[in-house]
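Sequence and predicted model, in that order:
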Amino acid sequence: MARATNISLPENPAPSVLAAEVLQALKYRIGKDATVATPYDWLTASIKVVRDRVIDRWMKGTKEAYERQEKRVYYLSLEFLIGRLMRDAFSNLGLMEAMREALSSLGVDLDRIAALEPDAALGNGGLGRLAACFMESMATVDIPAHGYGIRYANGMFRQEIQDGWQVELPETWLDHGNPWEFERRERAFEVGFGGAVESVAGPEGADERHVWHPNERVLAVAYDTPVVGWRANRVNTLRLWSGMPVDPILLDRFNAGDYVGALAESNKADTLSRVLYPADSHKEGQELRFRQEYFFSSASLQDILQRHLSQYGGLSSLPDKAAIHLNDTHPAIAVPELMRLLIDVHGMDFDQAWDVTRRTFAYTNHTLLPEALESWPVPLFERLLPRHMQIVYAINAAVLLEARTTGRFDGGQIASISLIQENGDRRVRMGNLAFIGSHSVNGVSALHTELMKETVFADLHRLYPERINNKTNGITPRRWLFQCNSGLTGLAREAIGDRFLDDIEALGDLGKLAGDAAFREKFAAVKRANKARLANLVAERLGIKVDPSALFDIQIKRIHEYKRQLLNILEAISLYDQIRSHPERDWTPRVKFFGGKAAPSYHNAKLIIKLANDVARVINGDPSVRGLLKVVFVPNYNVSAAEVMMPAADLSEQISTAGMEASGTGNMKFALNGALTIGTLDGANVEIRERVGDENIFIFGLTAEEVAERRANGYEPRAVVEASRELSQAIAAVSSGVFSPGDPSRYRDLMDGLYQHDWFMVAADFDAYAATQRAVDDVWRDSPDWYARAIRNVAHMSWFSSDRTIREYAKEIWNVPV
Ligand code: 26V
């Protein structure tokens with residue numbers, strides 16, 4: 001098979017040169033020689049070699065941006081779900097094969113050391129992974145950009161499955177150090193909390209000034225990681241902040257005998273960057289989370305303003321030279337923070353500051369789930385950020401006046417525009433703050449964007465009808481095809497040439513090969529090899545044997561009720577039941593894989609994980625379905641696991657309740673790697689269908705509109721369940737303890753929920769889903785037809801490249817050239 005991505009760069013170093021560099025790094029950076037080096041030392045040395053090789057390009061980009069006075073993009077995100085970086089960098093630099101040879105000449109296996117690199121899991125799921133894909137694409141399409149976030153000492157927890165239950169363990173990705181990053185002790189900013197605001201009378205005729213005196217201060221210290229674009233066109237910076245005490249020894253308190261107090265103070269500072277909140281929707285209304293949001297927003301803005309001031313000498317030109325992007329509302333506090341810095345620190349008047357602020361910020365919304373829309377209690381806000389509270393009130397007054405003046409809004413509508421939620425406890429609505437403080441507000445798929453206009457932001461949309469726009473998500477084809485699927489990449493190069501490596505649209509040329517039997521067979525062989533790799537992993541790690549010739553049906557994503565893993569599990573139970581009742585029928589052998597983490601406080605999600613494991617145990621242990629059905633829960637789903645599972649899938653499960661998944665990006669990764677999708681008309685599935693064609697995707701279930709209608713007209717799930725023999729039997733089996741004999745009532749509440757409210761419409765969609773699964777079986781049995789469809793999926797996925805998404809942001813939101 002052709003080698004995947006041995007691209008060439010102007011200076012393609014010989015393996016012997018690289019080998020010498022690795023030995024040098026080992027000696028001078030780590031202080032060891034080859035005879036005593038551990039595998040981690042080899043990993044570190046290899047990373048230092050690539051890192052050194054990007055530094056010139058990194059500096060060149062920075063210098064050019066300065067000299068040419070280019071507008072810079074700043075992407076503020078509380079999450080960057082990066083995964084491993086070494087292969088990515090090797091591959092983007094075209095060094096993969098040379099490096100493999102170099103290491104091999106030193107007796108080191110590249111794959112073995114690559115597997116030691118920890119996943120940088122500084123994110124929960126889709127939102128964080130999107131930020132990582134965007135960073136890579138911005139470097140690839142040559143946009144001067146900086147990512148800003150937090151350098152969490154503990155990223156996303158490691159999931160273990162013990163007795164079928166999720167157990168969360170701390171992920172200590174920095175244990176062996178982080179060879180990628182540069183610590184910039186000198187690039188540090190103070191961030192304050194609490195205290196009081198002093199009003200100082202201005203000189204004659206001038207407004208009064210406000211001076212905030214925080215009573216707590218911490219230092220944000222920068223750590224920079226280079227982000228390498230394809231063919232190393234450009235190298236950008238991901239700058240992550242770490243919390244440190246302002247005065248590391250707190251000498252005065254220490255000397256005053258307050259030893260414990262002094263140390264506690266220093267602890268408080270690094271608490272800010274200690275841990276990523278492991279929830280992606282559940283209210284985690286913790287003060288620490290709010291502090292983290294302000295901590296990184298403030299440090300990033302101070303950094304941005306300092307860079308701008310040193311280059312341009314004033315701040316009125318900020319919107320022309322800086323586009324600051326808010327990845328969801330997590331950095332929304334940056335809106336009043338920029339106002340504060342402009343007004344209180346740099347002496348701008350309110351109106352000009354407001355104009356500068358709005359022209360600088362843009363905001364992306366990633367979810368409509370009410371429980372995920374951030375708001376902070378006014379008393380907490382006021383106590384931690386008293387000056388920001390005043391600014392929020394001032395902004396609110398101006399906007400509400402503007403709305404009232406139009407005469408187009410009644411009292412209820414005015415209340416929904418307000419930054420302050422008045423019913424119940426008073427809270428600051430971060431979504432409204434981000435919306436009002438930005439010139440652009442975008443959704444992440446066409447459907448999601450329309451729903452934003454109709455639901456959460458309906459009234460703000462009427463006030464500012466130009467502001468909401470759509471930017472359908474994308475994924476980087478470098479990681480999600482070239483790197484994770486060298487078999488398919490090699491086959492495509494052989495079949496259509498190398499053009500698609502630089503121009504992903506050229507992947508479309510594969511479409512015409514869907515009808516070519518010889519190509520289909522090669523394609524099937526690649527898929528088969530990827531499945532064998534996954535099967536081996538599952539055998540090794542979990543002791544479960546699966547047959548690579550069975551249909552691999554995979555659902556991997558966060559565990560959430562709206563994503564409906566429960567629908568999938570209930571269908572598996574029903575299928576199991578039918579196979580046992582009708583062993584004579586011609587069943588399609590299937591392996592159903594599940595993977596994903598539940599927020600630690602999300603009870604039902606954790607119960608769903610336990611159910612998947614209970615069902616797996618029963619089905620896998622039943623000889624009467626052997627060879628026909630297996631269920632596997634893969635523990636600790638993360639970016640690296642995704643890189644193995646996406647290429648191995650035949651069927652991609654994208655079955656959220658319509659209207660609830662903002663976009664999805666796993667759906668794109670699967671299809672790009674040649675899986676067919678079974679899915680609802682939700683998020684980006686709608687657009688995937690438009691591009692791959694109705695015949696090449698399995699769509700079922702209620703539409704978003706129908707879901708809303710059913711809910712509005714009093715949906716009665718009991719009648720629906722009772723009308724479906726298969727569903728009622730599956731529910732009855734779970735309720736009665738078939739899968740939990742030692743604890744028969746374990747799932748009773750979960751099942752009762754399906755009868756009583758079934759908010760996620762599992763019952764309403766069950767029959768359609770099950771019938772569509774049987775249609776999938778039929779197509780699978782016609783193997784040429786299946787692979788023709790799979791090939792058409794690959795061919796038509798190029799539009800979902802994050803390069804396309806980023807170019808749209810650049811042109812339509814950031815106003816930077818591409
Ligand atoms: C919300 C919250 C709420 C409070 C606690 C911590 C926390 C952390 C994250 C979030 C927002 C999560 C939103 C999210 O991940 N949305 C996903 O974004 C993907 C990229 O746009 C998209 O493909 C998924 O459909 C969407 O669910």
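Sure thing, it's come through. Numbers count the residues shown, from 1 in each chain.

Write out the residues of the stretch 601-750 of the chain neighbouring the ligand.
661-665, 683 (CB under 6 Å from any ligand atom). To be clear about C-beta, it is placed using only N, CA and C from the backbone, and glycine gets the same treatment.

Mind telling me what element R711 is part of?
Per DSSP states H and E, R711 falls inside helix 704-712.

so for the following helix or strand past that helix, what's the average pLDDT?
Where DSSP H and E defines the elements, the next helix or strand beyond helix 704-712 is helix 717-723. In this model, helix 717-723 has a mean pLDDT of 98.

what's the answer for stretch 629-647, then?
On average, stretch 629-647 scores 98.

repeat for stretch 138-149
98.

With stretch 412-422 instead?
The model assigns stretch 412-422 a mean pLDDT of 97.

pLDDT wise, what is A201 at?
A201 carries a pLDDT value of 89.

now the residues of the stretch 601-750 of the chain next to the ligand: which count as buried?
661-665, 683 (16 or more other CB atoms under 10 Å).

In CSV, could you pull the C-alpha coordinates for stretch 174-186?
Output in CSV follows, covering the C-alpha atoms of stretch 174-186 (Å, rounded to 0.1, in the frame of the first residue of the first chain):
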residue,chain,number,x,y,z
LEU,A,174,2.1,16.9,32.9
ASP,A,175,3.7,14.1,34.9
HIS,A,176,6.6,13.7,32.5
GLY,A,177,6.8,17.4,31.7
ASN,A,178,5.5,19.0,28.5
PRO,A,179,8.2,19.2,25.9
TRP,A,180,6.0,21.2,23.6
GLU,A,181,5.6,24.3,25.7
PHE,A,182,7.7,27.4,26.3
GLU,A,183,7.2,28.9,29.7
ARG,A,184,7.1,32.7,29.5
ARG,A,185,7.7,33.8,33.1
GLU,A,186,8.1,37.3,31.8
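
for it, which positions count as buried?
178-182.

how near is the residue lying closest to A733 once chain neighbours are set aside to P465?
Using CB to CB, 6 or more residues apart in numbering and skipping residues adjacent in sequence, the residue nearest A733 is I573, 6.1 Å away. Plainly put, I573 is 48 Å away from P465 if you go by CB to CB, to the nearest Å.

So for the two, which sits in the more crowded spot?
The residue with more neighbours, out of I573 and P465, is I573; 24 against 9, by other CB atoms under 10 Å.

Which part of the stretch 101-250 of the chain gets nearest to the ligand, residue-wise?
In the stretch 101-250 of the chain, the residue that lies nearest the ligand is G126 (2.9 Å; CB to the nearest ligand atom).

what about the residue nearest to D88 when sequence neighbours are not counted, how many residues close to it?
In space, and not counting its chain neighbours, D88 is closest to R479: 5.9 Å by CB to CB, 6+ apart. Neighbour count for R479, taken as other CB under 10 Å: 26.

Specify the local secondary structure of R479.
Using DSSP: H, G, I helix; E, B strand; the rest coil, the structure places R479 in helix.

what do you get for M244?
Secondary structure state of M244, per three-state DSSP, is strand.

Surely it is in contact with D270?
Yes - applying CB atoms under 8 Å, one finds M244 in contact with D270, separated by 6.5 Å.

okay, the two: which has more neighbours?
A direct count of neighbours by other CB under 10 Å for M244 and D270 places M244 higher, at 18 against 14.

Check the more buried one and give its pLDDT.
96.

mind listing what it touches?
M244 sits next to 188, 218-221, 269-270 when contact means CB atoms under 8 Å, 6 or more residues apart in numbering.

residue boundaries of the helices in the stretch 301-450 of the chain?
In the stretch 301-450 of the chain, the helices defined using DSSP state H, counting those that start in this stretch lie at 318-321, 334-340, 350-360, 378-384, 386-406, 411-417, 430-436, 446-454.

what residues does this protein put near the ligand?
So the chain meets the ligand at 124-127, 130, 277, 279-281, 284, 328, 366-367, 372, 374, 444, 473, 661-665, 683 (CB under 6 Å from any ligand atom).

Buried ones among these?
Using 16+ other CB under 10 Å, the buried members of these are 124-127, 130, 277, 279-281, 328, 366-367, 372, 374, 444, 473, 661-665, 683.

from those residues, which ones fall inside helices?
126-127, 130 (DSSP state H).

Can you list the buried residues in the longest helix anywhere in the chain?
Once the chain is assigned using DSSP H, the helix that runs over the most residues is helix 39-67. Neighbour counts using 16+ other CB under 10 Å place 40-51, 53-54, 57-58, 61-62, 65 of helix 39-67 among the buried residues.

In this protein, where is pLDDT below threshold?
By pLDDT under 70, the low-scoring segments of the chain are 1-11, 248-251, 254, 281-285.

picking up where we left off before, so who does the residue nearest to A733 touch?
Contact analysis of I573 by CB under 8 Å, 6+ apart lists 615, 730, 733-734, 739.
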